[in-house]
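J.: got a sequence here, can you build the structure:
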Amino acid sequence: MRICLLAEGAYPYVTGGVSSWIQSLMTQMPEHEFIIFSISAKDHQGAVKYPAPSNLLEVRDIQLGTFLTDKIIPGKRYTISEEEKEAFLSVIGGGKETNWPLLFDLIVSDRIDSILNFLASKDFFDIVQTLCRERFVHVPFTDMFWAIRSMVLPLFLCIDQKMPEADLYHSVSTGYAGVLGALGKHQYNKPFLLTEHGIYTREREEEIIKASWIKGYFKDIWIDYFYNLSNCAYEYADEVTSLFERSREIQVEIGCAREKTSVIPNGIDVNRFKPENRSRKLGIHIGAVVRVVPIKDIKTMLQSFALVQEALPSAQFYMIGPYDEDEEYYSECLELVESLHLKNIVFTGEANVMDYLSFLDVLVLSSISEGQPLVILEGLAMGIPYVTTDVGSCSELIMGPNDAFGLAGSVVPVMHFHRLAKEIIALARNENLRLVYGENGRKRVQELYTLPLMVNRYESRYERWGQAVWQESVFN
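T.: Modelled structure (predicted):
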């Protein structure tokens with residue numbers, strides 16, 4: 001079977017949980033062929049982070065930033081119908097259900113010569129003018145025009161790219177990748193499987209609410225827009241999987257049909273992790289395996305480390321992971337380290353995580369949003385207790401999904417650095433508790449979160465939907 005995997009800003013250019021998940025899926029299913037459709041905001045300039053498996057046929061990139069230098073011819077008129085204009089309008093807040101088939105067919109046809117030209121056309125001007133007249137009469141037209149253009153440009157550029165033909169489309173999020181999965185199904189009448197590692201719409205909503213560059217009256221438009229994209233993916237998907245039960249319930253709340261949903265937890269190769277090879281170092285060593293980006297809330301972690309340092313002056317801190325994804329945020333973190341007078345801290349950048357799991361005493365995660373973090377599974381597999389914020393499935397991993405293994409660490413509210421510090425200090429001062437928690441976590445991962453379990457579950461989905469397509473072709 002040939003499978004097209006669709007991902008935003010991830011594989012093979014960015015390390016992290018989703019990229020590792022994609023790599024594991026391909027390497028564990030050598031009988032299938034894969035095409036990666038990778039959507040990113042900028043040109044990664046060939047900085048590939050993962051070796052290509054032999055069954056990876058192609059990585060097809062949509063680097064959205066590269067289109068911004070294309071020449072634009074403004075003021076054109078296109079032969080589009082009122083129904084097609086209504087479909088455009090509904091995507092950006094027209095208050096009606098979007099006619100996605102009509103929109104897909106229009107954008108991929110040869111009737112629009114350039115997305116950039118269309119967004120500078122008289123037709124698009126009319127669409128924005130209608131939106132202002134019907135819903136936002138008090139908003140300056142110029143502000144609305146440029147805001148809407150920046151909103152829909154990435155989406156329309158994605159749809160405008162030629163979709164590779166495959167036997168099954170598998171998107172690893174909603175958003176743009178989810179809409180492309182819907183487009184693949186629409187164009188080729190092949191099954192579409194959607195896997196959400198985190199709830200995309202909720203993550204975008206949090207970012208939009210906090211964003212200073214989006215004016216107040218535009219925030220609702222942006223939020224509705226991303227919910228609209230998710231509903232497109234939910235509508236077209238044959239099956240929608242999540243990583244844990246609460247995530248599944250949120251999908252249903254947002255608008256996904258319950259009968260389409262199922263849960264497939266993440267899994268890791270537990271044979272790679274050997275707690276018996278760990279070697280203690282003198283003192284207390286506290287680490288975080290994390291990308292230095294805002295959603296991981298590194299600043300809260302640093303504030304907690306400052307309190308830990310007051311209680312345990314000799315404690316060592318390690319931030320293990322890349323810091324070049326958001327250079328401005330990384331600079332802000334370094335400034336915070338200095339202002340907090342935080343010592344004994346190392347930002348490792350890209351590193352061999354296993355080198356650090358071999359001696360760390362406590363692991364920490366302070367994210368404001370997560371799905372089911374692979375880094376927690378890996379840390380627990382090495383017998384290291386975790387202190388984490390209560391996001392995604394973190395509490396389930398630490399406390400157990402109604403199993404008998406016991407606690408594997410502590411869970412605290414988001415952004416509560418005092419609570420985070422308190423739990424880190426408690427573990428740092430109690431070696432026996434660390435050993436008990438670490439063993440509990442190791443047993444939980446070995447029983448419930450293994451790579452073979454995860455792969456078998458996805459393999460069954462591929463076979464099910466592939467068989468359904470075969471039967472349809474035979475009987476029709």
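
J.: so where's the stretch 1-150 of the chain uncertain?
T.: 43-46, 66, 68, 94-95 (pLDDT under 70).

J.: could I get the full set of helices for it?
T.: 17-27, 82-91, 100-108, 115-118, 122-134, 141-160 (DSSP state H, counting those that start in this stretch).

J.: which outside residues touch the shortest one?
T.: This means helix 115-118. The contact list for helix 115-118, computed with C-beta atoms under 8 Å, 6 or more residues apart in numbering, reads 67, 70, 72-74, 76, 78, 107, 112, 124, 153, 156-157, 160. C-beta: built from backbone N, CA, C; applies to glycine.

J.: with adjacent residues omitted, what lies nearest to M151?
T.: Once flanking residues are discounted, M151 sits nearest to Y225: 5.9 Å by C-beta to C-beta, 6 or more residues apart in numbering.

J.: which secondary structure elements does the helix or strand encompassing the one you found contact?
T.: Of the helices and strands defined by DSSP states H and E, Y225 is found in helix 216-236. Secondary-structure packing of helix 216-236 (3 or more C-beta pairs under 8 Å, 6 or more residues apart in numbering; DSSP states H and E): helix 82-91, helix 100-108, helix 141-160, helix 175-188, strand 192-196, helix 200-210, helix 245-254.

J.: what's downstream of that helix, the next helix or strand?
T.: strand 239-242.

J.: contact partners of that next one?
T.: 193-196, 233-234, 248, 251, 256, 260-264, 461, 465.

J.: pick out the lowest-pLDDT one from the residues you listed.
T.: Within the set of the contacts of strand 239-242, pLDDT is lowest for W465 (90).

J.: remind me which residues of the stretch 351-476 of the chain are low pLDDT?
T.: In the stretch 351-476 of the chain (pLDDT under 70), the answer is 468-476.

J.: which residue packs closest to A182, ignoring adjacent ones?
T.: Spatial nearest neighbour of A182, chain neighbours left out: Y236 (3.6 Å); criterion: C-beta to C-beta, 6+ apart.

J.: could you report the neighbour count for the one you found?
T.: Residues near Y236, counting by other C-beta atoms under 10 Å, number 21.

J.: need the pLDDT of it.
T.: According to the model, Y236 scores 97 on pLDDT.

J.: measure it to M151 for me?
T.: Note on Y236: its distance to M151, by C-beta to C-beta, to the nearest Å, is 21 Å.

J.: out of the helices and strands packed on helix 216-236, which gets nearest to L340?
T.: Between L340 and the helices and strands packed on helix 216-236, the shortest separation by C-beta to C-beta is 22.3 Å, and it involves helix 200-210.

J.: pull out the buried residues from that closest one.
T.: 200-205, 207-208 (16 or more other C-beta atoms under 10 Å).

J.: okay if I get those as TSV plus pLDDT and distance to D326?
T.: Listed next are the buried residues of helix 200-210 as TSV, based on pLDDT from 0 to 100; distance: C-beta to C-beta, whole Å:
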residue	pLDDT	distance to D326
Y200	89	19
T201	90	22
R202	88	20
E203	86	15
R204	89	16
E205	89	20
E207	85	13
I208	89	17
